[in-house]
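In: when you get a sec, could you give me coordinates for this:
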Amino acid sequence: MDPSSYYRSLTAETDALQVRVRQLMDEPHWLTDGEWKESVLRTVLRRHLPPTIGIGRGFIAGPGACSSQIDILLYDASHPLLHRDGDLVFVMPASVRGIIEVKSTIDSNTLHQALESLGNNAAGLNHGDHQPFIGLFGYEFAFKDPGILLAALRAASRHDPKRVVNHVCAGRSSFIRYWDADPYTSDPMRSGGYIRWRTWREATSSSMRSNP
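Out: Predicted coordinates for the structure are as follows:
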């Protein structure tokens with residue numbers, strides 16, 4: 001198996017779906033266009049995630065408050081839902097397996113708001129062993145320097161591990177993941193204190209240490 005070719009094929013699949021939707025519109029309506037881009041990503045996820053994971057959009061209803069609206073909400077399909085109407089769901093925190101914020105373009109206008117929203121929602125989910133997927137997905141990436149995104153991730157965490165956004169897909173070729181252990185060693189002694197985000201971009205990688 002060639003992992004690089006496989007992941008490029010997933011990118012091509014997502015690109016093809018969003019172009020197909022855009023071509024169906026006589027005149028692009030940007031609000032509808034954004035909603036369809038969320039729908040495109042949900043469609044791709046349904047093709048590749050197991051049936052045990054429900055995929056929708058909606059809200060997390062906790063004991064004292066409700067989350068902001070979540071573009072893509074991944075939840076344990078074996079758990080009861082508080083409410084469902086099509087893709088719209090209301091779930092309890094214990095049911096959540098992941099949340100994803102979707103942006104047409106990650107730029108200076110959208111980056112900090114998206115990370116702040118994700119951090120706020122993540123803070124109510126990350127407890128003990130329950131550490132769901134917290135992701136930001138952007139079809140386009142406006143920054144040439146991925147260090148800007150790494151610095152924004154660190155700032156948005158406010159040095160609190162519960163607020164960490166642990167995955168970012170930015171454009172066609174940039175991916176960021178958060179690690180609390182060194183991915184290049186299985187020695188727990190060498191991994192101690194390893195807390196950082198790493199970014200991969202077209203077969204290169206870099207990292208930034210954080211102190212959440």
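In: could you list the domains of this protein?
Out: The chain breaks down by automatic domain parsing into domains covering 1-48, 49-209.
In: pLDDT of the longest strand belonging to the chain, averaged?
Out: With secondary structure taken from DSSP state E, the chain has its longest strand at strand 96-106. Averaged across strand 96-106, the pLDDT comes to 95.
In: what sits up against it?
Out: 33-34, 37-38, 41, 53, 60, 70-76, 110, 114, 117-118, 121-122, 125, 132-143, 149, 170-171 (C-beta atoms under 8 Å, 6 or more residues apart in numbering). Any C-beta I mention is one placed from the backbone N, CA and C, and that applies to glycine too.
In: okay, the domains of the chain in CSV with mean neighbour count next?
Out: Output for the domains of the chain, formatted as CSV (neighbours: other C-beta atoms under 10 Å):
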stretch, mean neighbour count
domain 1-48, 12
domain 49-209, 16
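In: lowest average pLDDT across these?
Out: With a mean of 73, domain 1-48 has the lowest mean pLDDT of these.
In: point me to the helix or strand that includes the residue most central in space within the chain.
Out: Central residue check for the chain by C-alpha atoms, centre = their mean: the C-alpha nearest the mean position is that of G135, 1.6 Å away. If you go by DSSP states H and E, G135 is part of strand 133-141.
In: contacts made by that strand with the rest, please.
Out: 14, 18, 37, 41, 72, 74, 97-106, 110, 114-115, 118, 121-122, 125-126, 149, 164-171, 174.
In: partner strands of that strand and their direction?
Out: Paired with strand 133-141 in the same sheet, following DSSP bridges, are strand 96-106 (parallel), strand 167-170 (parallel).
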